[in-house]
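Peer 1: Give me a model of this one.
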Amino acid sequence: MERPKKRRGAEPDVHYERDESAAERLDRNWLELLQELRVMQTGSQIMTAFLLTLPFHSSFKDLGDFQVGVYVVLLVSAALVTGLLMVPVAIHRRFFQRRVKQRTVRYGHRVVRIATLAVGFVISLAVFFVVDVALDIEAAWWIGGGVFAVVLFMLLILPTMLRPRP
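Peer 2: As a prediction, the model looks like this:
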(Lines give C-alpha, C1' and ligand atoms only; values in the text may rest on other atoms or scores of the structure.)
Protein backbone atom coordinates (compact mmCIF):
# COMPACT_ATOMS: atom_id res chain seq x y z
CA MET A 1 0.00 0.00 0.00
CA GLU A 2 1.43 3.35 -1.01
CA ARG A 3 1.72 5.92 1.71
CA PRO A 4 0.27 9.38 1.09
CA LYS A 5 2.79 12.17 0.63
CA LYS A 6 3.23 14.55 3.51
CA ARG A 7 2.48 18.20 3.07
CA ARG A 8 5.37 20.54 3.59
CA GLY A 9 5.41 21.83 7.16
CA ALA A 10 2.82 19.30 8.33
CA GLU A 11 3.47 17.33 11.49
CA PRO A 12 4.29 13.69 10.85
CA ASP A 13 1.38 11.27 11.14
CA VAL A 14 2.22 8.60 13.68
CA HIS A 15 0.48 5.91 11.65
CA TYR A 16 2.80 6.52 8.70
CA GLU A 17 5.95 7.20 10.68
CA ARG A 18 5.80 3.94 12.69
CA ASP A 19 6.19 0.59 11.09
CA GLU A 20 3.76 -1.28 13.35
CA SER A 21 0.78 -3.51 12.94
CA ALA A 22 -2.63 -2.68 14.41
CA ALA A 23 -1.94 -5.15 17.23
CA GLU A 24 1.43 -3.55 17.96
CA ARG A 25 -0.19 -0.11 17.99
CA LEU A 26 -2.82 -1.30 20.48
CA ASP A 27 -0.10 -2.81 22.66
CA ARG A 28 1.85 0.47 22.54
CA ASN A 29 -1.29 2.48 23.31
CA TRP A 30 -2.06 0.22 26.28
CA LEU A 31 1.51 0.58 27.64
CA GLU A 32 1.33 4.36 27.27
CA LEU A 33 -2.02 4.37 29.08
CA LEU A 34 -0.55 2.28 31.92
CA GLN A 35 2.36 4.70 32.25
CA GLU A 36 -0.05 7.62 32.58
CA LEU A 37 -1.98 5.66 35.20
CA ARG A 38 1.21 5.02 37.19
CA VAL A 39 1.89 8.73 37.42
CA MET A 40 -1.65 9.61 38.53
CA GLN A 41 -2.02 6.62 40.80
CA THR A 42 1.11 7.39 42.81
CA GLY A 43 0.02 10.95 43.52
CA SER A 44 -3.52 9.88 44.30
CA GLN A 45 -2.38 7.15 46.69
CA ILE A 46 0.00 9.50 48.52
CA MET A 47 -2.71 12.14 48.94
CA THR A 48 -5.24 9.56 50.13
CA ALA A 49 -2.76 8.11 52.61
CA PHE A 50 -1.97 11.58 53.95
CA LEU A 51 -5.67 12.39 54.31
CA LEU A 52 -6.23 9.15 56.21
CA THR A 53 -3.77 10.31 58.88
CA LEU A 54 -5.24 13.77 59.52
CA PRO A 55 -7.90 12.80 62.10
CA PHE A 56 -5.17 11.32 64.28
CA HIS A 57 -3.44 14.69 64.71
CA SER A 58 -4.31 16.57 67.87
CA SER A 59 -5.23 19.77 66.04
CA PHE A 60 -7.90 17.97 63.96
CA LYS A 61 -10.38 18.42 66.83
CA ASP A 62 -10.01 22.20 66.44
CA LEU A 63 -11.64 22.13 63.00
CA GLY A 64 -15.13 23.53 62.62
CA ASP A 65 -18.07 21.49 61.39
CA PHE A 66 -17.79 22.90 57.84
CA GLN A 67 -14.08 22.08 57.71
CA VAL A 68 -14.70 18.53 58.91
CA GLY A 69 -17.42 18.20 56.25
CA VAL A 70 -15.03 19.39 53.55
CA TYR A 71 -12.41 16.99 54.89
CA VAL A 72 -14.83 14.04 54.67
CA VAL A 73 -15.80 14.96 51.09
CA LEU A 74 -12.11 15.31 50.25
CA LEU A 75 -11.21 11.97 51.85
CA VAL A 76 -14.05 10.10 50.12
CA SER A 77 -13.26 11.78 46.79
CA ALA A 78 -9.57 10.89 47.06
CA ALA A 79 -10.42 7.27 47.92
CA LEU A 80 -12.84 7.03 44.99
CA VAL A 81 -10.28 8.52 42.60
CA THR A 82 -7.69 6.02 43.82
CA GLY A 83 -10.20 3.25 43.12
CA LEU A 84 -11.09 4.74 39.74
CA LEU A 85 -7.43 4.66 38.74
CA MET A 86 -7.46 0.89 39.28
CA VAL A 87 -10.42 0.33 36.93
CA PRO A 88 -8.33 0.01 33.73
CA VAL A 89 -6.33 -2.76 35.38
CA ALA A 90 -9.56 -4.52 36.36
CA ILE A 91 -10.82 -4.12 32.79
CA HIS A 92 -7.59 -5.59 31.49
CA ARG A 93 -7.86 -8.54 33.88
CA ARG A 94 -11.46 -9.16 32.82
CA PHE A 95 -10.65 -9.03 29.09
CA PHE A 96 -7.23 -10.71 29.32
CA GLN A 97 -6.56 -13.15 26.46
CA ARG A 98 -10.01 -12.67 24.96
CA ARG A 99 -8.72 -10.90 21.85
CA VAL A 100 -10.45 -7.63 22.69
CA LYS A 101 -7.41 -5.38 23.12
CA GLN A 102 -9.07 -2.58 21.14
CA ARG A 103 -12.01 -2.55 23.56
CA THR A 104 -9.65 -2.73 26.54
CA VAL A 105 -7.67 0.27 25.30
CA ARG A 106 -10.84 2.23 24.48
CA TYR A 107 -12.42 1.63 27.92
CA GLY A 108 -9.12 2.30 29.66
CA HIS A 109 -8.76 5.56 27.77
CA ARG A 110 -12.24 6.68 28.83
CA VAL A 111 -11.56 5.87 32.48
CA VAL A 112 -8.25 7.74 32.43
CA ARG A 113 -9.96 10.83 30.98
CA ILE A 114 -12.54 10.76 33.77
CA ALA A 115 -9.87 10.04 36.40
CA THR A 116 -7.77 12.97 35.18
CA LEU A 117 -10.65 15.35 35.82
CA ALA A 118 -11.37 13.67 39.16
CA VAL A 119 -7.74 14.10 40.25
CA GLY A 120 -8.00 17.78 39.29
CA PHE A 121 -11.13 18.09 41.44
CA VAL A 122 -9.44 16.41 44.43
CA ILE A 123 -6.38 18.65 44.13
CA SER A 124 -8.58 21.74 43.98
CA LEU A 125 -10.63 20.59 46.96
CA ALA A 126 -7.43 19.88 48.90
CA VAL A 127 -6.23 23.43 48.23
CA PHE A 128 -9.64 24.75 49.30
CA PHE A 129 -9.47 22.75 52.55
CA VAL A 130 -5.91 23.78 53.42
CA VAL A 131 -6.52 27.46 52.67
CA ASP A 132 -9.72 27.39 54.77
CA VAL A 133 -7.78 25.92 57.72
CA ALA A 134 -4.72 28.13 57.25
CA LEU A 135 -6.47 31.43 56.42
CA ASP A 136 -10.27 31.66 56.21
CA ILE A 137 -13.26 30.55 54.19
CA GLU A 138 -13.29 33.60 51.90
CA ALA A 139 -9.67 33.04 50.88
CA ALA A 140 -10.46 29.34 50.42
CA TRP A 141 -13.26 30.13 47.96
CA TRP A 142 -11.06 32.51 45.96
CA ILE A 143 -7.87 30.46 45.95
CA GLY A 144 -9.52 27.03 45.76
CA GLY A 145 -11.88 28.28 43.06
CA GLY A 146 -8.97 29.81 41.18
CA VAL A 147 -7.02 26.57 41.33
CA PHE A 148 -10.12 24.67 40.15
CA ALA A 149 -10.55 27.06 37.21
CA VAL A 150 -6.89 26.75 36.22
CA VAL A 151 -7.00 22.94 36.56
CA LEU A 152 -10.11 22.78 34.37
CA PHE A 153 -8.39 25.00 31.81
CA MET A 154 -5.26 22.81 31.83
CA LEU A 155 -7.17 19.53 31.62
CA LEU A 156 -10.04 20.43 29.27
CA ILE A 157 -9.31 23.54 27.24
CA LEU A 158 -5.53 23.50 26.80
CA PRO A 159 -5.36 19.99 25.27
CA THR A 160 -8.05 21.04 22.78
CA MET A 161 -6.07 24.16 21.90
CA LEU A 162 -2.89 22.12 21.40
CA ARG A 163 -4.55 19.41 19.28
CA PRO A 164 -3.04 19.33 15.80
CA ARG A 165 -5.43 20.43 13.11
CA PRO A 166 -5.58 18.50 9.82
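Peer 1: pLDDT on the strand or helix carrying residue 160, on average?
Peer 2: Following DSSP states H and E, one finds residue 160 within helix 158-162. Per-residue pLDDT values over helix 158-162 give a mean of 84.
Peer 1: Which positions within it qualify as buried?
Peer 2: Residues of helix 158-162 classed as buried by neighbour count (16 or more other CB atoms under 10 Å): none. Placement of C-beta: from N, CA and C, glycine included.
Peer 1: Equivalent analysis for stretch 134-152, please.
Peer 2: Counting neighbours by 16+ other CB under 10 Å, stretch 134-152 gives 140, 143-144, 147-148, 151 as buried.
Peer 1: ok, so of those, who is nearest residue 41?
Peer 2: residue 151 (18.0 Å; CB to CB).
Peer 1: Leaving aside the residues adjacent along the chain, what's closest to the closest one?
Peer 2: Excluding its sequence neighbours, the residue lying closest to residue 151 (CB to CB, 6 or more residues apart in numbering) is residue 120, at 3.9 Å.
Peer 1: which is the next helix or strand following the helix or strand of the chain with the lowest mean pLDDT?
Peer 2: Ranked by mean pLDDT, DSSP states H and E, the weakest helix or strand in the chain is helix 14-17, scoring a mean of 55. Once helix 14-17 ends, the next helix or strand along the chain (criterion: DSSP H and E) is helix 22-53.
Peer 1: Give the next helix or strand downstream of that next one.
Peer 2: Scanning forward in sequence from helix 22-53 by DSSP H and E, the next helix or strand is helix 65-84.
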